[in-house]
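# Need a 3D model of the sequence below.
(chains A and B)
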Amino acid sequence: MADPEITDLISPALDSNHVARIGVVGMPHPGVDARAKAVGRLEYITDMRLPKMLEGKILRSPHPHARILNVDTQRATRLPGVRAVITSKDTPRLLYGPMIADQYPLAVDRVRYVGDAVAAVAAIDTYTATEALSLIDVDYEILPPVFDPMEAILPGAPQLHDVKTRNIALTAGWQRGEVDEAFRASDVILEQRFQTQLVHQCYMEPMAAIAAWDTHGRLTLWLPIQVPGLAQWNYAAALGLAPGRVRVVQTEMGGAFGGKLEHSFHLVCALLSQAAGLPVRIAYTREEEFEAGLPRVPFVIDLRVGAKRDGTLMAKQADLFADNGAYTSYGPAILSAAATRSDCLYRLNNVRTSMTLVYTNKVPTGCFRGFGNLQMHFANESMMDMLAYELGVDPLDFRLKNATHAGDVTVHGFQIGSCGLSECLKQAAELSRWRETRSNPRRLHGIGVAAAIHVSSNRSFVPEFDGSAAIIRIGADGKATVLTGEVDMGQGSKTVFAQIAAEELGLTLNDISVPNADTDLSPFGLGTWGSRATTLGGNAVKAAAEDARRKLLTAATELLDARPGTLVIEGGFVRAPDGARASFADVAKHFAYRNGGAPILGQGHFVPPGVVPSDPRTKFGNVSCAYPFGVHVAEVEVNIDTGQVRVVRIVAAHDVGKVVNPLGAEGQVEGGIAQGMGFALMEEMQVISGKPANPNFRDYKIPSTMDMPEIECSFIESQDPHGPYGAKGLAEPAIIPTPPAIANALFDALKIRFTELPITPQKVLMAIQQTKAHEASSYRGGEASG
Amino acid sequence: MKHTIAITVNGTEERLQVDARQTLLEILREDLSLTGTKQGCGMGECGACTVLVDGMAVNACLMLAIRCDGREVLTIEGLSEGEQLHPLQQAFVEQGAIQCGFCTPGAILSSKALLDTNPSPDEAEVRESLAGNLCRCTGYAKIVKAVLSASKHQRGIARG
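Predicted coordinates for the structure are as follows:
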């Protein structure tokens, strides 16, 4: 995508003397929309209402696996207030999927999980729509289901998709270095299976969609979605339309964490609206979220690692199995991330990896903060702890010895431009009083450490391209509007973009607005995932601001009749050396009057340099332009009678490059730790005979105020060569080290290794009892033999 | 069958025709367009719909509208005076306690119920009174800080 003609259009950054900077980048800010949220005036999608809008509801399969023999919608259609009832017969029946096309918006002939969409109703209100669902009669022929991925790959297991043998959505493997030799040269080799569970993103705002078609057959979708641009592409294809026939308008988002990418119910909403000839909204209930959302991909990880007596890491073999659920969301990319990134945390030259993505008759799984790398880091960082223990070295020193450094090219070809991993380890050690705490062990109290590497964008996610583009419009009022295709889901990217625009234009944040993405108006954006918004989007906004500044200065030179290159921007004014000055509004008006009313438009884009898609077969390649690092130290206390684990304190040190908004960055870390704790200790979607058993917040507990430990976070500001002002991503690194740090602290407290998440009180109690029984029997054994 | 209720919302008396099955949350959001009160679960587990009824924090999704006859309801829209934010709203903003903002109105109203009865809570009391307000973004650290800071601010004003 390195088009030289396009690249040449980027204006070079002007000498910084042309703008009086007030240091907006790096200043703590509570968020440009915080005030609107505090007064309850920010409008989320369920707060919107289009004229004549209907409410839609989806009829879902009660069976994990069945053939659909007949669907009778007549009774539902006759219910007063019902405006449309659709089944797959009323749809184009085109297979859809962001990575593997294996799903219809409404099931054709077969359902593959409890929750699979069979039919949908649009009615005047949700009461009527819900009642209509109960009037749809479906005849099913029950088929045998399979729930465990390790069973699903066995010969003879029930098959979900006819075109995929042994339920394998994809499988791949590769080797780098001399793995067998390196294992032979190792003094210690450890092997362990690790497992992670099904968990939900639990954003507070449930998913929803509004669809409306105009008289020309063009579709508009209002969606709280992280990927408006990708949705436009994929939904147009799924509906048999050209991409230009679909407009996606992003709405305010009440959290997402990876859970709000493409979802087939958006298509159902579009099809319902088409059938009804009126706008339709589908708003998920919390129960539907658990039944038919896109929760985190569960993993089974077989890990084998070898090291020398002196603590040098030698070789690693990983065999990964991931539970895709019934259909594919982003499982292939999630699995690739899991299979590669953790190998790049330490200097390691010999790796052998296999990965297999398996269909099961459960809810489809997808993206959730960490994107496979979280699951793998639980295994990897637990294993590092086990190795250090086996070798009798301090686990923090063990990590320091093997740590990746800036300038390294890792085993998978990651070019590490900046790396504060060692500094993070040292900082976390100091802030947590690591050495004092370790050398004064207390009963039922433990301290553990874990580190993490992540990406800031992922070139392998979308084959077509990577990068970001932005437009900045300076209107006649002198205010700047930043248009971007990247998305704020509550994490604060609008604030970061406004800060960057303000920095480059010498304005305050009050002069900048950052509207939501609209595919008719915004530059095409790949959206917000892979911790890419600040790094890629931020660079694009910076380039657009520089371009706007150049145009503004050119217009001002004319207006003030000044000598080119002598003007300086300061506080919303352009000033000449002789003291003459013009406000942005004056300059913008001048520009508009000279150009038929045109606004000053700055355009900029950023293509991450040196970044390539990983090799489809071997996964080798520098997939990201920047790699953030982080270290967490957890302290835990165990109640030996209840098995309850209390996390007392977490110290976090993150290398995110330049911190653009320190208040927002702290918030990311604190929130990441909360989610990491929930994943480590509390959360699991229970599925019994394929049915969700705890699809609500009463039975599925996420951390509350009462569960949270004291958190101390600090930042190592390594200057990344590619990030804007040296900044890298933070959203995902914030969660990744928490679960293994907690598991390692538990080992320190109990000398018991937990390898399956979540580490519930029940598991802790059972493990303590087993250890006691084991100790007692070996003691008796000793007596008998003596 | 519709029932007529008289209900005071944010200081304004409203007469509404409500269905027996309708919740307070539904009439606030749909009949009165007060969409600042959010629905996060519909089961009284997440606290996003917290409003004050006669000064008490309740989950509006669990309270039937007909039971609100003759009562006074305060929602997030009734908290600020014009452009002047309530000290709790101000503190939530200043402390960075707001990320996606979906839980914010409920968390602020639970905090108000606390400070109205206990103007100087300690951290443990703040945490306890907000235990029913789930937030997935912030890890609660800055929310707790905001409530403690608002409490100090309010007492400062009271002393002054």
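
# Tell me the buried residues in stretch A:111-122?
Buried positions in stretch A:111-122, judged by neighbour count with 16 or more other CB atoms under 10 Å in any protein chain shown: A:V111, A:R112, A:Y113, A:V114, A:G115, A:D116, A:A117, A:V118, A:A119, A:A120, A:V121, A:A122. Quick note: C-beta positions are derived from backbone N, CA and C, even for glycine.

# start to end distance for it?
Distance across stretch A:111-122, first residue to last, is 22 Å (CA to CA, to the nearest Å).

# Show me which of the buried residues of stretch A:111-122 is closest to A:Q192.
A:Y113 (30.5 Å; CB to CB).

# show me the contacts for the closest residue to the closest one other than its chain neighbours.
Leaving aside its chain neighbours, A:Y113 sits nearest to A:A326 (4.1 Å; criterion: CB to CB, 6 or more residues apart in numbering or on different chains). Listed by CB atoms under 8 Å, 6 or more residues apart in numbering or on different chains, the contact partners of A:A326 are A:R112, A:Y113, A:D116, A:L160, A:Y359, A:T360, A:N361, A:K362, A:V363, A:P364.

# could you dump the residues you listed to JSON lines with pLDDT?
Converted to JSON lines, these look like this (pLDDT from 0 to 100):
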{"residue": "A:R112", "pLDDT": "98"}
{"residue": "A:Y113", "pLDDT": "98"}
{"residue": "A:D116", "pLDDT": "98"}
{"residue": "A:L160", "pLDDT": "98"}
{"residue": "A:Y359", "pLDDT": "98"}
{"residue": "A:T360", "pLDDT": "98"}
{"residue": "A:N361", "pLDDT": "98"}
{"residue": "A:K362", "pLDDT": "98"}
{"residue": "A:V363", "pLDDT": "98"}
{"residue": "A:P364", "pLDDT": "98"}
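
# buried subset of those residues?
Buried among the contacts of A:A326 (16+ other CB under 10 Å): A:R112, A:Y113, A:D116, A:L160, A:Y359, A:T360, A:N361, A:K362, A:V363, A:P364.

# so the fifth one makes contact with A:A152?
It refers to A:Y359. Yes - at 6.4 Å, A:Y359 and A:A152 qualify as touching, with contact defined as CB atoms under 8 Å.

# where do the contact lists of those two overlap?
Any residue near both A:Y359 and A:A152 by CB under 8 Å, 6+ apart counts here, and that gives A:L160, A:N167.

# Show me the domain layout of chain A.
A:4-30+A:467-606, A:50-143+A:210-283, A:299-459+A:615-768 (automatic domain parsing).

# so how far is the shortest one from its chain's centroid?
In this view, domain A:4-30+A:467-606 has its centroid 28 Å away from the chain centroid, taken as CA atoms, centre = their mean, to the nearest Å.

# That one close to chain B?
Yes - interface with chain B: domain A:4-30+A:467-606 contributes A:P28, A:P30, A:M489, A:G490, A:Q491, A:G492 (CB under 8 Å from any CB of the partner chain).

# returning to what we had before: just the ones of the buried ones among the contacts of A:A326 in strands?
Cross-referencing these against strands under DSSP state E gives A:Y359.

# In helices, which of the buried ones among the contacts of A:A326 appear?
In helices, judged by DSSP state H, none of these are found.

# Redo the buried ones among the contacts of A:A326 as TSV? Include distance to A:V300.
Shown next, in TSV, are the buried ones among the contacts of A:A326 (distance: CB to CB, whole Å):
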residue	distance to A:V300
A:R112	21
A:Y113	19
A:D116	24
A:L160	18
A:Y359	15
A:T360	12
A:N361	17
A:K362	14
A:V363	18
A:P364	18
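
# for the longest helix seen in chain B, packing partners?
Using DSSP H, we find that the single longest helix of chain B is helix B:141-159. Other helices and strands packing on helix B:141-159, by 3 or more CB pairs under 8 Å, 6 or more residues apart in numbering or on different chains; DSSP states H and E, are helix A:662-677, helix B:87-94, helix B:104-117, helix B:123-129.

# Out of the residues of domain A:4-30+A:467-606 next to chain B, give me the two with the largest separation.
Greatest spatial distance in these: A:P28 and A:M489, 20.6 Å, computed using CB to CB.

# which residue is nearest the middle of chain B?
B:L109 (2.7 Å; CA atoms, centre = their mean).

# so how far is B:G44 from A:T46?
Distance of A:T46 to B:G44, given as CB to CB, to the nearest Å: 18 Å.

# Which one of these two is surrounded by more residues?
Between A:T46 and B:G44, A:T46 has the larger neighbour count (other CB atoms under 10 Å in any protein chain shown), namely 20 against 17.

# Tell me the pLDDT of the more buried one.
A:T46 is assigned 98 on the pLDDT scale.

# Might you report the residue contacts of it?
Contact analysis of A:T46 by CB under 8 Å, 6+ apart lists A:E205, A:A208, A:R281, A:A283, B:T35, B:K38, B:Q39.

# looking at it, A:S513 is touching A:D477, isn't it?
No - between A:S513 and A:D477 there is no contact under CB under 8 Å: 10.9 Å.
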